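# Next come a sequence and a model predicted from it.
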Amino acid sequence: MLSDTIERRESHVLVVGLGYVGLPIAIEFNKQGFRVTGYDKDPHKTNGLLGGSSHVEDITDDEVEQCLSTGRFHATTDASAMADADVIVIAVPTPLNKTKDPDISYILEATEDVATHARKGTLVVLESTTYPGTTREVVMPRLEEAIGDCGTDFFLAFSPERIDPGNETYTFSNTPKVVGGITDACTKLATELYAAVCSQVVPVSSPASAEMVKLLENTFRSVNIGLVNEIAIMCDKLGVDTWEVIDAAATKPFGFMPFYPGPGLGGHCIPVDPHYLAWKLKTLNYRARFIELAGEVNSSMPEHVAEKAADILNRFAKPVRGSKVLLVGAAYKPDISDVRESPALDVMRVLLDKGAALSYHDPHVPEVRLDEGTLRSEPLDANTLADADLVVILTNHTDLDYDLVFERSGAVLDTRGVHRHHRDPERIFRL
């Protein structure tokens with residue numbers, strides 16, 4: 001019985017997709033005693049792992065080597081390894097296409113691999129963020145066609161990933177895990193599986209509910225960030241300090257949760273996931289207006305930052321074209337190298353298009369490739385700061401000397417509230 005082998009940590013767990021979600025899952029299951037195979041179509045990832053090298057920041061080379069030393073960890077590009085798996089966890093990307101519609105092609109490819117190779121009795125769990133209904137309407141029919149009845153011949157559930165790159169407090173193991181199975185038996189097995197590696201498991205009534213959980217989490221953030229970004233624009237027009245207003249409002253012990261403005265949304269979740277929900281609702285003849293409006297506001301922020309930069313340069317009688325603008329931060333959040341959907345890249349493109357002599361510094365991103373060419377991170381020292389006509393802070397990295405930035409720069413646009421109480425309206429400007 002699969003339930004028994006899970007309890008004894010004797011199940012063979014195969015993880016499909018070894019990216020920022022899949023690799024931490026695979027490593028954690030191995031740490032908890034399971035035999036684990038990581039499957040990815042990219043041989044660079046699998047060969048690196050077999051050589052003891054991690055391609056994901058949250059996983060160290062030492063952790064990979066420790067897993068290899070157990071003899072219970074393997075990585076492969078061969079999908080036939082699924083035939084020996086008791087549990088298959090699918091953690092593949094779910095991006096948007098050019099029209100911002102869901103691209104579930106990776107889920108479809110993974111489902112086909114599972115249908116071709118998985119044996120009867122296997123538990124399959126989809127972790128990739130997707131629209132409500134995907135597990136039941138897309139994955140289940142193909143697996144039933146190939147394997148048999150769901151809940152009897154195989155088991156299927158959805159469990160939304162909650163990996164937060166760079167978060168050292170909440171990891172895969174201590175973040176509550178939501179699961180929703182096609183049948184009660186599916187939910188029970190998935191709950192037992194994750195209870196073996198996670199501190200808390202939260203079962204819900206269906207895969208659609210579990211799919212919706214993930215979309216609610218990130219739509220909540222997108223809408224509230226869109227609200228506070230618009231508040232920042234309003235405060236700018238009113239001559240009010242946005243950060244002072246937010247900090248003061250946050251002293252209310254009930255009925256308020258602080259969100260903070262910035263140059264736009266970035267990363268793998270918040271700029272993408274709400275569009276999955278909005279797309280699904282369009283098929284039901286419903287318009288998700290909050291999602292659309294928040295998307296409009298958030299996507300306009302890089303242009304707003306560039307316009308603010310132009311206004312500041314104008315105060316010093318300098319045009320954007322030819323002015324030296326130094327951007328601090330290229331990643332979408334502090335202390336990581338991830339530039340996926342980073343608004344910093346959009347700010348770069350707008351300023352380059354306006355003719356700025358652009359440079360940037362990010363201790364975690366040595367170079368940035370744009371259509372306009374490749375930029376390389378410059379040192380953040382007194383000479384670099386003094387040479388810039390304007391410094392724009394886009395990411396608040398904890399290992400940077402911001403006191404030096406504020407002291408040595410001629411003019412600074414602080415989009416992250418790094419020094420919220422730094423009052424020098426002649427040369428320090430906020431979003």
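Yep, that arrived. Residues are numbered from 1 along each chain as shown.

# what bits of the protein have low per-residue confidence?
421-423 (pLDDT under 70).

# Check the secondary structure at the closest residue to residue 208 other than its chain neighbours for me.
In space, residue 208 comes closest to residue 132 once its chain neighbours are excluded; the distance is 4.4 Å by Cβ to Cβ, 6 or more residues apart in numbering. C-beta: built from backbone N, CA, C; applies to glycine. Classification of residue 132 using DSSP: H, G, I helix; E, B strand; the rest coil returns coil.

# is it true that residue 132 touches residue 213?
No - the pair residue 132 / residue 213 is not scored as a contact, 9.6 Å apart, by Cβ atoms under 8 Å.

# Have a look at the two and say which one is more surrounded.
Per other Cβ atoms under 10 Å, whichever of residue 132 and residue 213 has more neighbours is residue 132, with 22 against 18.

# Ramachandran angles for the more buried one?
Backbone torsions for residue 132, taken as degrees, to the nearest 10, come to phi -60, psi 130.

# And for residue 359?
According to degrees, to the nearest 10, residue 359 has phi -140, psi 170.

# Show me what it bridges to in the sheet.
Beta-bridge partners recorded for residue 359 (DSSP bridges): residue 326.

# Test my guess that residue 355 contacts residue 320.
Yes - using Cβ under 8 Å, residue 355 is in contact with residue 320, at 6.0 Å.

# More neighbours: which of those two?
Higher neighbour count among residue 355 and residue 320: residue 320, with 22 against 12, using other Cβ under 10 Å.

# So which residue is smack in the middle of the chain?
Nearest to the mean C-alpha position of the chain, counting by Cα atoms, centre = their mean, stands residue 268 at 3.2 Å.

# Check whether the nearest residue to that one once chain neighbours are set aside sits in a helix, strand or coil.
Closest residue in space to residue 268, ignoring its immediate chain neighbours: residue 340 at 5.6 Å, by Cβ to Cβ, 6+ apart. What three-state DSSP gives for residue 340 is coil.

# contacting residues for residue 340?
266, 267, 268, 332 (Cβ atoms under 8 Å, 6 or more residues apart in numbering).

# Compare those residues and tell me which has the most neighbours.
Highest neighbour count within the contacts of residue 340, by other Cβ under 10 Å: residue 332, with 26 neighbours.

# Quick check: the nearest residue to that residue once chain neighbours are set aside vs residue 156, distance?
Among residues not flanking residue 332 along the chain, residue 266 sits closest, at 2.5 Å (Cβ to Cβ, 6+ apart). Distance of residue 266 to residue 156, computed by Cβ to Cβ, to the nearest Å: 32 Å.

# which residues of the stretch 1-150 of the chain fall in helices?
2-7, 22-31, 43-50, 61-69, 105-117, 134, 140-146 (DSSP state H, counting those that start in this stretch).

# Put together CSV for these, with mean neighbour count on each row.
As requested, the helices of the stretch 1-150 of the chain are exported to CSV (neighbours: other Cβ atoms under 10 Å):
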stretch, mean neighbour count
helix 2-7, 15
helix 22-31, 25
helix 43-50, 17
helix 61-69, 16
helix 105-117, 19
helix 134, 25
helix 140-146, 16
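
# Could you pull up the residues touching residue 210?
By Cβ under 8 Å, 6+ apart, the residues touching residue 210 are 157, 158, 159, 160, 178, 179, 180, 204.

# Taking these, please make a PyMOL selection of just the buried ones.
Of these, the buried ones can be selected in PyMOL as follows, counting by 16 or more other Cβ atoms under 10 Å:
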select buried, resi 157+158+159+160+178+179+180+204
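
# So which of the contacts of residue 210 are in strands?
Among the contacts of residue 210, the ones falling in strands (DSSP state E) are 157, 158, 178, 179, 180.
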